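test case, fold it:
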Amino acid sequence: MAPFKKFVPVLARFRHDETGNVALLTAFCALPLIVAACGSVDVLRMTATQERLQIMLDSATLASASLTQSGSITDVVDEYMAANQPDGAVWDTLSYTTTVVDDSLSSKEVTITASVKLKTPFLSLIGQSEQTVRAESTAVQAQTDIEISMVLDISSSMKGAKLTDLKSSSKEFIDLMLDGDLADQTSINLVLFGGTVNIGSTLFDKYAVPSSPSNTDPADSYYQANTNVPYLVSRFSAGNTCIEYQDKDFSLTAIGGKSHPQVPDFTRYGAKNDWCPRTDTESMFNSNSAADLKSRIDGMSLSDGTGMDIGTMWGAKALSPNLRGELGGDFADRPADFDDSNTMKIAVIMSDGDITEQVRPKSPTSGVKPHLDKGSLRQTIVDKGSTSVDPATAYNAMAYYKRMCDLMRSNGVYVYTIGYKITSGSAADTLLKYCAKSPSDYYHVEGFDLSSAFNGIAASINSLRISG
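Numbers count the residues shown, from 1 in each chain. The predicted structure is shown next:
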């Protein structure tokens, strides 16, 4: 015990000696601080790698699940993964699994799961020298029933190259929408508006007031300016199948039978272009015949005025279940209900100018087509309005247009709009932006290339839903 007693004082001094404690504590704390500070670099690299991997998978699932491709789904996945794989050691570790959930003529569903191994030098300080980054993507495409209203401007300002461009690009859009088996699920309403809309003889006979031609009724018995237009029973030219409208018609309900007068024959801005579109420019409803629709487009001629409010009204009505069975065409059971989960409803509204007021001759006469170039010859029955108008309380063209846009969007209609060679910030630009379902669904076309807008809309309609 004696030798041990010699060490007791030494041990006591060592126990109370604090020399070097700070350095020791710093050494213990440094490692976590380094890992926390520098490990964030590894985390950022992991996040960037995961995002790049997700893009690769989304691209591959989109392509492989497309109903327009007839090849092997796994082959398409392999092709897209290889084409989009970046260079680098990280991507040499790529592995993925393709699961084909559904592969039929009318539906495809593909899921891809993938991973890469990423070196993490900073996290290796705590024993994590490598991390596995994973991603998953699923794409589904099915042939959902589609109802489309194409509301197209054929006003006098669409003359020349504009009309040529409209004809070619709208026909291309129809081909894309009715390609192959898609025609079995797709119906198209072709609504052509100038000063108003020529609804065709079938609907005209259903809605127009029955009467023989008359030229004896005074003008004030036909028109009550700005008060819901009201009702003389005259008939004008036989080829004119345009009717007048009241405030209540700017809704999604059907028009009452045998209740509306015929629009008189006249021109306003151009002496050659009728306010009511001619017979070769009648609207078509509920069709899936690409040949018939394109033939009508080829025959389009110009009409005076820009009745975009009336065109939009008919584009909306043609999608409303309230008109089921009235439109004729190729689908007796359409328009479907707005809440039909199997049906997608689309409106495409294209214009190159501002809405115009509705003018009429002061003295409409059967067999006479006056050119209302002088103010003394015409009266305004529906004012133009302003872009700030309240659609719920006003009774003018812009209010009616905005009202129909509101009704479509509130009922789930996906609205695309195209402004063709119009001035940014103009009334037309403002109204077309207003109607589109979202800002990205408004296409402002500045040159003679409408096809880019129509192709973009076609791609959006046919787009796949991605999750993952």
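
where do the helices sit along the protein?
Along the chain, the segments classed as helices by DSSP state H run 2-16, 21-64, 73-84, 161-177, 200-207, 219-222, 290-298, 308-317, 397-410, 427-435, 450-461.

would you list those helices in CSV and tack on mean pLDDT, mean neighbour count and distance to Gly353?
(C-beta placed from N, C-alpha, C; glycine too.) Formatted as CSV, the helices of the chain follow (pLDDT from 0 to 100; neighbours: other CB atoms under 10 Å; distance: least, CB to CB, whole Å):
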stretch, mean pLDDT, mean neighbour count, distance to Gly353
helix 2-16, 51, 8, 95
helix 21-64, 72, 15, 37
helix 73-84, 92, 16, 43
helix 161-177, 96, 19, 10
helix 200-207, 94, 17, 25
helix 219-222, 46, 15, 28
helix 290-298, 97, 17, 20
helix 308-317, 98, 28, 9
helix 397-410, 98, 23, 13
helix 427-435, 97, 20, 6
helix 450-461, 92, 18, 15
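
can you redo these as CSV with distance to Glu357?
Below are these laid out as CSV (distance: least, CB to CB, whole Å):
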stretch, distance to Glu357
helix 2-16, 101
helix 21-64, 47
helix 73-84, 54
helix 161-177, 22
helix 200-207, 23
helix 219-222, 17
helix 290-298, 28
helix 308-317, 10
helix 397-410, 6
helix 427-435, 13
helix 450-461, 27
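
among those helices, which is nearest Lys362?
When these are ranked by distance to Lys362, counting by CB to CB, first place goes to helix 219-222 at 5.2 Å.

ok, Thr98 to Leu67 distance?
With distances taken as CB to CB, to the nearest Å, Thr98 is found 18 Å from Leu67.

correction: Asp333
Where Leu67 is concerned, Asp333 sits at a distance of 23 Å (CB to CB).

okay, these two: which has more neighbours?
Comparing Asp333 with Leu67 by neighbour count (other CB atoms under 10 Å), the higher total belongs to Leu67, at 19 against 9.

which residue is the nearest non-sequential neighbour of that one?
If you skip the residues right next to it in sequence, Leu67 has Gln141 as its closest partner in space, 5.2 Å away by CB to CB, 6 or more residues apart in numbering.

same deal with Lys167?
Nearest one to Lys167, counting by CB to CB, 6+ apart, is Ile297 at 5.4 Å.

spatially central residue for this protein, please.
In the chain, the centroid-proximal residue (CA atoms, centre = their mean) is Tyr416; its distance is 3.4 Å.

list the contacts of that one.
Each residue near Tyr416 by CB atoms under 8 Å, 6 or more residues apart in numbering is listed here: 346-349, 436-437, 441-443, 457, 460.

ranking by neighbours, what's the top pick from the residues you listed?
Ranked by neighbour count (other CB under 10 Å), the contacts of Tyr416 have Ile349 at the top, with 30 neighbours.

so Leu178 is in contact with Ser287, correct?
No. Taking contact to mean CB atoms under 8 Å, the distance of 9.3 Å between Leu178 and Ser287 leaves them out of contact.

pretty sure Asp373 is touching Ala271, no?
Yes. A contact is recorded between Asp373 and Ala271 when judged using CB under 8 Å, the distance being 7.5 Å.

in the stretch 351-468 of the chain, what spans have low per-residue confidence?
Using pLDDT under 70 as the threshold, the predicted model of the stretch 351-468 of the chain has low-confidence ranges 463-468.

surely Tyr96 meets Thr113?
Yes. Tyr96 lies in contact with Thr113 (CB under 8 Å); the separation is 6.5 Å.

quick revisit: list residues touching both of Leu178 and Ser287?
With CB under 8 Å, 6+ apart, Leu178 and Ser287 have common neighbours 188, 293.

circling back to that earlier point, how about JSON lines for the contacts of Tyr416, with distance to Cys242 added?
Below are the contacts of Tyr416 laid out as JSON lines (distance: CB to CB, whole Å):
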{"residue": "Ile346", "distance to Cys242": "25"}
{"residue": "Ala347", "distance to Cys242": "21"}
{"residue": "Val348", "distance to Cys242": "22"}
{"residue": "Ile349", "distance to Cys242": "19"}
{"residue": "Ala436", "distance to Cys242": "27"}
{"residue": "Lys437", "distance to Cys242": "29"}
{"residue": "Asp441", "distance to Cys242": "30"}
{"residue": "Tyr442", "distance to Cys242": "29"}
{"residue": "Tyr443", "distance to Cys242": "29"}
{"residue": "Ile457", "distance to Cys242": "28"}
{"residue": "Ser460", "distance to Cys242": "32"}
